[in-house]
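[1] this one's structure only:
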């Protein structure tokens with residue numbers, strides 16, 4: 001595994017994506033996919049590179065949302081990679097949405 005195939009936390013991006021694709025449908029299980037803000041700056045990449053990476057990431061996030069027929073895709077307002085730390089209210093809102101989806105099922 002090369003450095004370029006690893007995410008910032010040293011996890012294997014390709015393997016992770018392959019595993020997510022192999023998961024298949026989770027039926028109508030409530031699912032909230034929380035995605036970083038498209039406006040969050042990337043301190044490492046150039047703006048063009050960050051835009052290309054974000055587009056690929058966004059496509060994968062959309063694939064995740066399609067795993068359930070009962071899902072929503074929510075975007076953080078300003079957070080980047082660390083949504084739980086940078087925008088914890090978005091995580092709390094996501095949890096509350098899942099609970100609401102369960103209650104109204």
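    Right, received. Where do you want to start? These numbers were taken from a predicted model, which means no experiment stands behind them.

[2] from here on, contacts and neighbour counts on C-alpha atoms
    OK.

[3] So which residues of this structure form helices?
    Secondary structure of the chain by DSSP state H: the helices cover 13-23, 47-65, 83-86, 88-103.

[4] between those, which one is nearest to residue 30?
    Nearest of these to residue 30, taken as C-alpha to C-alpha: helix 88-103 at 5.8 Å.

[5] about what we covered before: any chance of the helices of the chain in CSV, with distance to residue 75 too?
    CSV is the format used below for the helices of the chain (distance: least, C-alpha to C-alpha, whole Å):
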stretch, distance to residue 75
helix 13-23, 20
helix 47-65, 10
helix 83-86, 10
helix 88-103, 8
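
[6] For my notes, please list these in TSV and give mean neighbour count and mean pLDDT for each entry.
    As requested, the helices of the chain are exported to TSV (neighbours: other C-alpha atoms under 10 Å; pLDDT from 0 to 100):
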stretch	mean neighbour count	mean pLDDT
helix 13-23	12	78
helix 47-65	14	89
helix 83-86	14	95
helix 88-103	15	96
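
[7] In the chain, which residue is most central in space?
    residue 35 (4.2 Å; C-alpha atoms, centre = their mean).
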